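S.K.: got a sequence here, can you build the structure:
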Amino acid sequence: MKIIEKQNIDNVSILKINREKQLNSLNKQVINDLSDNLKEINKDHKVRCVIITGCGDKAFAAGADIKEFYNHTTKEGSVMSKKNQTILFDFIENMQKPVIAMVNGYALGGGLELAMSCHIRIGSSKSIYGFPEVKLGLIPGYGGTQRAARIVGLGKAFEMILSANMIDAKEAHRINLINAVYDQENLYEKTIDLAKTISKNSPQAISKAIKTINCGYYNKGFEEEIQQFGKCFQTTDFKEGVGAFLEKRKPNFK
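M.R.: Numbers count the residues shown, from 1 in each chain. Predicted coordinates:
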């Protein structure tokens, strides 16, 4: 069983995270396989647009696989953050081809960060969004602190990240976190229609437009996020937060 399912429709390539039982959470293999597929697609002149989604209708990607990094040190946390930002999240943002996130359910933590790294986000009316990291003694570590502020504005980014509250599709659309909302049964068709519309336009012009739009946003914030994300791993709050999550109890932060 492939952990990333790939399908081509005309000039559109669709990548599906195939971990439905785990709510398509992002483990090392998912991140590496997504990265490998996207690198191949970026070189394929036949592909004009990419769609990323999750298998099933419950989750796009419900966060990272916490068990993989529970025992990380500060250095290991920083290295993981920087590596994964580089090979996947930053790579998506700077791809020569447009990438659309088709959000078919939960987009939480790393899953929401994955969606935000895409150029366009289309959501199901049942989709749910949020950053639960501070409940675990963490912060978003895959570009979330930076992209959230750019996409929804500074105040809303603070509210979402610091409260860890989840929001529904209607609110996500209102704050411009997602571009459009469709009923679950129409989500696939509408997203494909948009991808095909984009695919009819000049690929060279689109590539230059992506690069030019992104140029206005580069700063040192991503590097700071990597450092602060790593530092979380040595805090007692992280041990308590993740320990409580794995033990299925409420954390007791002191």
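
S.K.: what about the protein, any weak spots by pLDDT?
M.R.: 216-221 (pLDDT under 70).

S.K.: could you pull up the contacting residues of the residue nearest the centre of the chain?
M.R.: Centroid-nearest residue in the chain: residue 114, 1.2 Å away (criterion: Cα atoms, centre = their mean). By Cβ atoms under 8 Å, 6 or more residues apart in numbering, the residues touching residue 114 are 26, 52, 60, 61, 88, 89, 92, 101, 107, 142. From N, CA and C alone the C-beta is placed, and that goes for glycine too.

S.K.: how near is it to residue 62?
M.R.: With the distance defined as Cβ to Cβ, to the nearest Å, residue 114 ends up 11 Å from residue 62.

S.K.: likewise residue 113?
M.R.: Taken as Cβ to Cβ, the span from residue 113 to residue 62 is 12 Å.

S.K.: more crowded one of the two?
M.R.: More neighbours surround residue 113 than the other of residue 113 and residue 62, with 29 against 25 (other Cβ atoms under 10 Å).

S.K.: okay but that one is in contact with residue 145, surely?
M.R.: No: assessed by Cβ atoms under 8 Å, residue 113 is found out of contact with residue 145, at 9.4 Å.

S.K.: quick one: the strands in the stretch 51-200 of the chain?
M.R.: Listed in chain order, the strands of the stretch 51-200 of the chain (DSSP state E, counting those that start in this stretch) span residues 59-62, 99-103, 106-108, 120-124, 128-130, 167-168, 180-182.

S.K.: would you list those in TSV and tack on distance to residue 222?
M.R.: Converted to TSV, the strands of the stretch 51-200 of the chain look like this (distance: least, Cβ to Cβ, whole Å):
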stretch	distance to residue 222
strand 59-62	20
strand 99-103	18
strand 106-108	20
strand 120-124	20
strand 128-130	21
strand 167-168	24
strand 180-182	27
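
S.K.: and of the ones you listed, who's closest to residue 68?
M.R.: strand 59-62 (14.4 Å; Cβ to Cβ).

S.K.: what's the offset of the closest one from the middle of its chain?
M.R.: Put simply, strand 59-62 sits 9 Å off its chain's centre (Cα atoms, centre = their mean, to the nearest Å).

S.K.: so what strands line up beside that strand?
M.R.: Applying DSSP bridges to the sheet, strand 59-62 is found paired with strand 106-108 (parallel).

S.K.: overlap of the contact sets of residue 114 and residue 62?
M.R.: Between them, residue 114 and residue 62 share the contacting residues residue 107, judged by Cβ under 8 Å, 6+ apart.

S.K.: so residue 67 touches residue 245, yeah?
M.R.: No: with contacts counted by Cβ under 8 Å, residue 67 stays clear of residue 245, the gap being 9.8 Å.

S.K.: for the stretch 1-150 of the chain, just list every one of the helices.
M.R.: 28-43, 74-84, 90-93, 110-117, 144-152 (DSSP state H, counting those that start in this stretch).

S.K.: and these as a markdown table, adding distance to residue 228?
M.R.: Compiled in a markdown table, those are given as follows (distance: least, Cβ to Cβ, whole Å):
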| stretch | distance to residue 228 |
| --- | --- |
| helix 28-43 | 20 |
| helix 74-84 | 9 |
| helix 90-93 | 17 |
| helix 110-117 | 15 |
| helix 144-152 | 8 |
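
S.K.: out of the ones you listed, indicate the one that is most buried.
M.R.: Of the helices of the stretch 1-150 of the chain, the one with the most neighbours on average (mean count of other Cβ atoms under 10 Å) is helix 110-117, at a mean of 28.
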